[in-house]
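In: Sequence and predicted structure, then a few things I'm wondering about:
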Amino acid sequence: MTTTPADCCADSEQKLLPVELARERILKTVQTVTAVEQLHLRSALGRVLVEPLVANIDVPPFANSAMDGYAVRSQDCPGATETVLEAIGTAFAGRPFKGEVSRHQCVRIMTGAVLPEGADAVLMQEHVKRDGERISFNGGPVKSGQNVRYAGEDSRQGDIVLEPGIKLGAAEIGLLASVGVSEVRVSRRLRVAFFSTGDELNATGTPLAKGQIYDSNRYALFGLLSKPAIECYDLGVIPDQREAVRAAFQQAGDMADLILTSGGVSVGEADYVTETLGELGEINFWRMAMKPGKPLAFGKMGGAVFFGLPGNPVSVMVTFYQFVLPTIRRMSGEKEREALLIQARCSGDLKKAPGRMEFQRGILNRESDAGWSVSSTGLQGSHVLSSMSKSNCFILLPAESAGVKNGELVTVQPFLDFD
Ligand code: AMP
Ligand code: MG
């Protein structure tokens, strides 16, 4: 449903939109970018895989030793009496032993070396005494397969080792290398254009005139968007003038898959973002049942998805994490994942009025009983950006909550979830 700011805000209480519902509505309209690139593994780090990846080989490719020791025939080491064996050679990692282990023989073997023909187990070096070419062992019985890593234990030839929609991290590119893959197909980088709006905004590096503040939102957004799967375009600060805002919209619409702005979505007299989006694109304007981050514009501008984020710096970050990040994941083809939520004991009281869901900034601490506790960073105003820097999680307080008392359990979303 499309609403205008006027419709929406005429009726204050009823039209506050719950966070979950807004996220659902947003994701319903968002399409995955279909263009694909073929990249070398290193360049694919942080990118989203678009096809299933199949192992062309077994990993490990051959049975090998998990220990430095002696490759033996398990039946030669029944364990009732001391086992004495003759060492007939050495197997190194990458330099296999060429012969075969026969009755009462063994081969000195290093970790990762091919298990020699005839042998089916490895004795740990530390459990063996060596005297010239004779080794003796007082243990057992030795089981077939002891200290052996079999071919295909990690990945089997023909297995799908990675599903489409996986974001390739360190483990994934390592895994792909292990199965011999050197190039992968990933979705192309998402083009994200962003700008700040506001006559009060000054760039860093010049002194502030009276009434000015530094533009911090573009820096925070730059930080949030600087990821391998994103190509971001900083379009600067746009003054609160109808024509300037229109021009910025048009420029962004021509270049981007996703446009983010901050400020100018309230109902102040110089707030042109919602109005312009209504004229040039398609608009939903929502008053969200959340704090911070009450006003949010969402829609389309040209071929791009558009978010008009609020102006206050904490609101920018909170709405980014709750709405923009899931959108970016969807547009990049990343498969959906559940939010990482944990329960923590609240240290101290938290103030809250019922009505809107709150994302208070918290500091998560590990307790000695292996549980977690969380404390507030202090002032929770949407302008207090230092609260984001001090915190490592959001404390999620449901709309109906009327505050939290010291010692009560709360739900916490660690910032780790926003990787
Ligand atoms: P607005 O939504 O434009 O009314 O802005 C709400 C509040 O956020 C005001 O106090 C603005 O000065 C502040 N604000 C807007 N944009 C920025 C920005 N880029 N950096 C820091 N503060 C901002
Ligand atoms: Mg403004």
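Out: Now that the structure is in, tell me what you want to look at. Ligands and ions are numbered 1, 2, ... in the order given.

In: what's the weakest-modelled helix or strand in the chain?
Out: helix 5-10 (a mean of 41; mean pLDDT, DSSP states H and E).

In: Mind listing residues that contact the helix or strand following it?
Out: Helices and strands here follow DSSP states H and E; after helix 5-10, the next one along the chain is strand 16-17. Outside strand 16-17, the residues that touch it by C-beta atoms under 8 Å, 6 or more residues apart in numbering are 286, 287, 288, 289, 355, 356. Every residue, glycine included, has its C-beta placed from N, CA and C.

In: From those residues, list the buried ones, please.
Out: 286, 287, 288, 289, 356 (16 or more other C-beta atoms under 10 Å).

In: Confirm for me that the fourth one is in contact with residue 399.
Out: It refers to residue 289. Yes. In this structure residue 289 lies within contact range of residue 399 using C-beta atoms under 8 Å: 5.5 Å.

In: show me what contacts the nearest residue to residue 414 once chain neighbours are set aside?
Out: Sequence neighbours aside, residue 393 is the residue nearest to residue 414 in space, at 4.6 Å (criterion: C-beta to C-beta, 6 or more residues apart in numbering). Taking C-beta under 8 Å, 6+ apart, we find residue 393 in contact with 361, 362, 363, 364, 374, 412, 413, 414, 415.

In: gap between the two ends of stretch 362-377?
Out: In stretch 362-377, first residue to last residue: 6 Å (C-alpha to C-alpha, to the nearest Å).

In: any idea whether residue 220 is helix, strand or coil?
Out: Classification of residue 220 using DSSP: H, G, I helix; E, B strand; the rest coil returns helix.

In: ok, it - contacts?
Out: Residue 220 neighbours (C-beta under 8 Å, 6+ apart): 313, 316, 317, 385, 388.

In: interface residues of the stretch 301-419 of the chain facing ligand 2?
Out: residue 311 (C-beta under 5 Å from the ion).

In: from the stretch 301-419 of the chain, which residue is nearest to ligand 2?
Out: residue 311 (5.0 Å; C-beta to the ion).

In: Just the pLDDT at the residue nearest to residue 414, thanks.
Out: As predicted, residue 393 sits at a pLDDT of 98.

In: beta partners of it?
Out: Beta bridges link residue 393 to residue 362, residue 414, judged by DSSP bridges.

In: mind checking how far it is from ligand 1?
Out: 23 Å (C-beta to the nearest ligand atom, to the nearest Å).

In: closest point of the stretch 51-200 of the chain to ligand 2, which residue?
Out: residue 198 (3.9 Å).

In: Please list all residues in contact with the closest residue to that residue other than its chain neighbours.
Out: The shortest distance from residue 198 to any non-neighbouring residue, by C-beta to C-beta, 6+ apart, is to residue 263 (4.6 Å). Applying C-beta under 8 Å, 6+ apart to residue 263 gives the contacts 196, 197, 198, 201, 217, 271, 273, 310, 311.

In: Give me the local confidence score for the fourth one.
Out: Think residue 201. So, for residue 201, pLDDT stands at 97.

In: Tell me, how many residues neighbour residue 341?
Out: With neighbours defined by other C-beta atoms under 10 Å, the count for residue 341 comes to 13.

In: residue in the protein nearest to ligand 1?
Out: Distances between the chain and ligand 1 by C-beta to the nearest ligand atom are smallest at residue 311, namely 2.3 Å.

In: ok, and the closest non-adjacent residue to that residue?
Out: residue 263 (3.3 Å).

In: So the one you found versus residue 294, what's the distance?
Out: Computed as C-beta to C-beta, to the nearest Å, the residue 263 to residue 294 distance reads 14 Å.

In: Equivalent analysis for residue 104, please.
Out: Using C-beta to C-beta, we find residue 104 at a distance of 81 Å from residue 294.

In: and if you look at residue 387?
Out: If you measure residue 387 against residue 294 using C-beta to C-beta, the figure is 17 Å.

In: Now for the residue lying closest to residue 181 once chain neighbours are set aside, how many residues are close by?
Out: Closest residue to residue 181 apart from its sequence neighbours, by C-beta to C-beta, 6+ apart: residue 53 at 6.2 Å. Counted with other C-beta under 10 Å, the neighbours of residue 53 add up to 21.

In: hmm, back to that, list residues touching both of residue 289 and residue 399?
Out: With C-beta under 8 Å, 6+ apart as the test, residue 289 and residue 399 both reach 18, 355, 356, 357.

In: count of residues packed around residue 68?
Out: Number of residues near residue 68 (other C-beta under 10 Å) recorded here: 17.

In: quick one: low-confidence ranges for the chain?
Out: Along the chain, segments meeting pLDDT under 70 span 1-14.
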